[in-house]
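>>> Need coordinates for the following:
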Amino acid sequence: MAKEHKPYCHNETRDWQGMSKAERNPLKAVGNHKGLGHSTAKSTRKKDHEATHRKCLDVMDQIQKEVQLALEEIDEERAHDSQSMQRLHAEKAQDTSKLQEAITARDKALGENQRLERELCQLQQAQESSHATMQGLVSWHDIQPVLHQTHGELVSATTRFWNTIDALQNRRLASYLPSSGGINGSWPEQDGPLGTLGHNALPQFSAPGDYALVNQEAPVSSNQY
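I've put the predicted structure just below:
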């Protein structure tokens, strides 16, 4: 069968001329449409990248600020720790000085205590020695009767002595009287050692009124009598 050819129409030629380039080349129009979509997607991706970059920069800035704050806090803590260490060292030095003073005071107190103990020991020894010495002495109660007896015997002997002297003087005086035929003369002065003595030459013995009687342990001095 032979193909039927349509006759060329003038109206169709005019319609072809009135069409746009896109209408006359629909494949090119499709390509142009694809290029426009690609450009839009690229622009969108660029904007997304820029937004992401800005977010990253913001995050970096925030991190940097936080790091700076952390460093400042660390510096403050270090400064505080340094001050605390200096204060602790000063307190330690002060406590060491006080401890040394306390040790010195303790040593001084121990030395004083030892000295007092030595003195106390010496006093105890002296007291024991004094007690031992007093035990060998005679008390006033024991020696008083003996002294009274001795004084009485001494007074009796003195009385007999002066009676003898009086008798001798009377005999000598009688030998110088006229009736006796002796030579009258003056009585010689008694300048000898017995001339100044009398019947009451010896003192009377009496215990002193204000003398405190001692106990058995009280010592008796030999120069009291």
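>>> Now the element after the longest helix belonging to the chain, going C-ward?
Among the elements of type helix in the chain, defined by DSSP state H, the one spanning the most residues is helix 26-135. Secondary structure here is assigned by DSSP states H and E; on that basis, the next helix or strand after helix 26-135 toward the C-terminus is helix 140-175.
>>> quick revisit: what helices or strands is the longest helix of the chain leaning on?
Taking 3 or more CB pairs under 8 Å, 6 or more residues apart in numbering; DSSP states H and E as the contact definition, the neighbouring helices and strands of helix 26-135 are helix 21-24. For glycine as for every other residue, the C-beta is placed from the backbone atoms N, C-alpha and C.
>>> and the helix it packs on, average pLDDT?
For helix 21-24, mean pLDDT rounds to 56.
>>> Ok, stretch 145-161 next?
The average pLDDT for stretch 145-161 rounds to 88.
>>> If we go by neighbour counts, what in it is buried?
Residues of stretch 145-161 classed as buried under the neighbour-count rule (16 or more other CB atoms under 10 Å) are His151.
>>> Using CSV, write out every CA atom in that stretch.
Provided in CSV are the C-alpha atoms of stretch 145-161 (Å, rounded to 0.1, in the frame of the first residue of the first chain):
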residue,chain,number,x,y,z
PRO,A,145,66.2,17.6,189.1
VAL,A,146,69.9,17.0,188.7
LEU,A,147,70.5,20.7,188.4
HIS,A,148,68.5,21.4,191.5
GLN,A,149,70.4,18.8,193.4
THR,A,150,73.7,20.2,192.2
HIS,A,151,72.7,23.7,193.0
GLY,A,152,71.7,22.7,196.5
GLU,A,153,75.0,20.9,197.1
LEU,A,154,76.9,24.0,195.8
VAL,A,155,75.0,26.3,198.1
SER,A,156,75.6,24.1,201.1
ALA,A,157,79.4,23.9,200.3
THR,A,158,79.5,27.7,199.9
THR,A,159,77.8,28.2,203.3
ARG,A,160,80.3,25.9,205.0
PHE,A,161,83.1,27.7,203.3
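>>> what number of residues lie near Trp140?
Under the neighbour criterion other CB atoms under 10 Å, Trp140 is assigned a count of 17.
>>> Over to Glu50?
Neighbours of Glu50 under the rule other CB under 10 Å: 10.
>>> Could you check how far it is from Thr40?
Taking CB to CB, to the nearest Å as the measure, Glu50 and Thr40 are separated by 16 Å.
>>> Lys47 too?
In this structure, Lys47 and Thr40 are 11 Å apart, going by CB to CB.
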